[in-house]
Every structure is written in C-alpha cells, then in structure tokens.
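> the following comprises the amino acid sequence and a computationally predicted model.
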Amino acid sequence: MTTALIVLGIIAVVIVLLALWVVGIYNGLVTLRNRFKNAFAQIDVQLKRRYDLIPNLVETAKGYLKHERETLEAVIKARNIAASAAEAVASNPANGGAVKSLMGAEAGLAGALSRLMVVAEQYPDLKANQNMMQLTEELTSTENKIAFARQAFNDSVMTYNTQRETFPTVVFAGMFGFQPAELFKIEDPTERNAPQVKFS
C-alpha cells in the first residue's frame, strides 16, 4: 500500500509540475501579447496627433489653394479612412486583418499628403505662411514619433510571434487562442518616405 501511495504521490507531483509549466507558458504569452498591445497604443497616440493636425493643415492651405479642392478633399477623406482603421486596430491590436487595413489606409493618407505638399510648393505665399510652417514642422515631428513607435510595436510583435512559434509553446498557443500578430510594415517601397513637409 505504501508503494502505491508513493507512486500516486509522484504522479500527483508530476501533474502539478506540468500544470505549473503550462500556466507559465500561458502567462508568458499573455505578457507578450499585452506588450505589443501597449506598443500599438503608443502608435495610436501619435496617429491621433497626426489626424488632429491634418484638418488644421488643410484649413490653413484652403485659403491659398482655392483651385485645388480635389486635393484637399482627398487628404481629408484619406485622413478619415485612416482614423477609422486606427480605431479598429486600437480595439484589438492582435487582429491581423485590422492591422493590414490600417497599413493600407496609412499608405493612402501618405500619398494624399504627398500630393498636397507638391501642390503647396507651387504657392509661395502658402509656403511663407507662419501657421503652415508650424503645422508642417509639427507633422514632421509626429511622423518621426510614429516611425519610432512602429519600430517598438514591431519589436514587441516579433518577440511575441517568436515565443508563440517556438517549441513547446507552439503546442499550447493554438489551444489557448493565441493567434500570430501582424507586423506594422509598409508594403510599397515608395511609401517608406515620410511626406515632404518642408516650406523653406
């Protein structure tokens, strides 16, 4: 009888150790997932700042660019689409489809902003406008902050995905519902450059 109790005790200890090991894997994945969600929150802060600057930029340019209404409307439309996409990702940064939609919307916004800046270059009075110069400087600064926040997000996503895909974690990740996270990357190499916003 004592041998049976010893065997049962050993089996119980092994089961408890295995359970603690699985709990450790689960908690590690939760920690990494929360890190990349927090990293996206930092991107979201900067995106919102950029989305708030764009209407002011368009409003300032509106008086000078009376014949460029389509360009101004395209910027506002692209800004609204990007803001909606950012809200969708902010609610669940682990949703790869939402991240891809945001990347596409951001590419559209970058293109619209670039067209606005090209048009604005043709208007010397607008280039010399103090408010326009200040807004474009703030926009450039915000673009730099977004780039740093994207890097931190992608680093967090890479760490999460690496942990999720390594053995033995990969065995449990799918069981616990931990899906791969999407990197925030730019698909089109021409979109890698920030819009030119210098008015000097």
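All right, it came through fine.
> in the chain, which helix has the most residues?
helix 2-62 (DSSP state H).
> quick check: mean pLDDT across it?
The average pLDDT within helix 2-62 is 94.
> which is the succeeding secondary structure element to it?
helix 69-91 (DSSP states H and E).
> residues in contact with that following helix?
Contacts to helix 69-91, defined as CB atoms under 8 Å, 6 or more residues apart in numbering, come from residues 40-41, 44, 47-48, 51, 54-55, 57-58, 61-62, 65, 95, 98-99, 101-102, 104-106, 108-109, 111-113, 115-116, 119. C-betas here are computed from N, CA, C, even on glycine.
> make a ChimeraX selection of the buried ones in those residues.
Applying 16 or more other CB atoms under 10 Å to the contacts of helix 69-91, the buried members can be selected in ChimeraX as follows:
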select :40,44,47,51,54,57,58,61,65,95,98,99,101,102,105,106,108,109,111,112,113,115,116,119
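> related to what we said a few turns ago, between helix 69-91 and the longest helix of the chain, find me the angle.
Orientation of helix 2-62 against helix 69-91 (axes from the mean of the first three to the mean of the last three CA atoms, to 10 degrees) gives an angle of 160 degrees.
> what about helix 2-62, distance to the chain center?
A distance of 16 Å separates the centroid of the chain from that of helix 2-62, by CA atoms, centre = their mean, to the nearest Å.
> what's the answer for stretch 103-112, then?
Relative to the centre of its chain, stretch 103-112 is centred 13 Å away, using CA atoms, centre = their mean.
> just the C-alphas of it, formatted as CSV.
Presented in CSV, the C-alpha positions along stretch 103-112 are these (Å, rounded to 0.1, in the frame of the first residue of the first chain):
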residue,chain,number,x,y,z
MET,A,103,-1.4,49.8,-43.3
GLY,A,104,-3.4,50.3,-46.5
ALA,A,105,-5.2,53.4,-45.1
GLU,A,106,-1.9,54.9,-43.9
ALA,A,107,-0.4,54.3,-47.3
GLY,A,108,-3.4,56.2,-48.9
LEU,A,109,-3.0,59.0,-46.4
ALA,A,110,0.7,59.3,-47.1
GLY,A,111,0.0,59.6,-50.8
ALA,A,112,-2.7,62.2,-50.3
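> could you pull up the mean pLDDT of it?
93.
> stretch 78-89 too?
Rounded mean pLDDT across stretch 78-89 is 95.
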